[in-house]
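Asker: prediction below, plus the sequence it came from.
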Amino acid sequence: METTSSSNSLKKEIFIECRPETLFSFFTDPDKLVRWMGRQVLLDPSIGGKFRIDVNGSDIALGEYKEIVPNEKIVMTWGWMKSKVVPPGSSTVEFALTPKDNGTLLVLTHYNLPAAEVAPHEQGWSHYMSRLQTLAQGGDPGTDPWSENAM
């Protein structure tokens, strides 16, 4: 997994051995998304649609879908309920899916983060992207250890 970051954004790349269509469903189907991130997920994967990802009962990510290109790209606002540092709508996450070899190159870019939040979000996305990779390649990442207790 390759990571680059600046003072207020981060970018992660990971190769996943599955077709873009397969990978795309892990961002739009709540039953699939909850297997790699969160313990309770509500999604309305349409432009302007909202999402709510309850990570562990106290950390809850909220946002809305800004752009959806089937099997290619998803852009959504991102923030944390009750957070004054990264409130809902204050940052943007883009997932770009590009066919490559026998799989998909997933490029995640998280924009508009406060400088102090780049490192913790980088750690979080590394955790979740490796779980997504395992799941999308047919493995079982198991219960997310982060869903059990507050971070």
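Answerer: Right, received. Where do you want to start? Residues are numbered from 1 along each chain as shown.

Asker: ok, residues contacting stretch 135-151?
Answerer: Applying CB atoms under 8 Å, 6 or more residues apart in numbering, the contact partners of stretch 135-151 are 16-18, 22-23, 26, 32, 35-39, 55-59, 127, 130-131, 134. Just so you know, the C-beta spots here come from the backbone N, C-alpha and C atoms, and that holds for glycine as well.

Asker: any idea how far residue 104 is from residue 45?
Answerer: 18 Å (CB to CB, to the nearest Å).

Asker: between those two, which one's more packed in?
Answerer: Counted by other CB atoms under 10 Å, residue 45 and residue 104 do not tie: residue 104 has more neighbours, with 24 against 18.

Asker: name the nearest residue to residue 112, ignoring sequence neighbours.
Answerer: residue 91 (4.4 Å; CB to CB, 6 or more residues apart in numbering).

Asker: just how off-centre is stretch 12-19 within its chain?
Answerer: 13 Å (CA atoms, centre = their mean, to the nearest Å).

Asker: likewise stretch 91-98?
Answerer: Here the centre of stretch 91-98 is set off from its chain's centre by 8 Å, with CA atoms, centre = their mean.

Asker: how about that stretch: buried residues?
Answerer: 91, 92, 93, 94, 95, 96, 97 (16 or more other CB atoms under 10 Å).

Asker: average pLDDT across that stretch?
Answerer: The average of the pLDDT scores along stretch 91-98 is 98.
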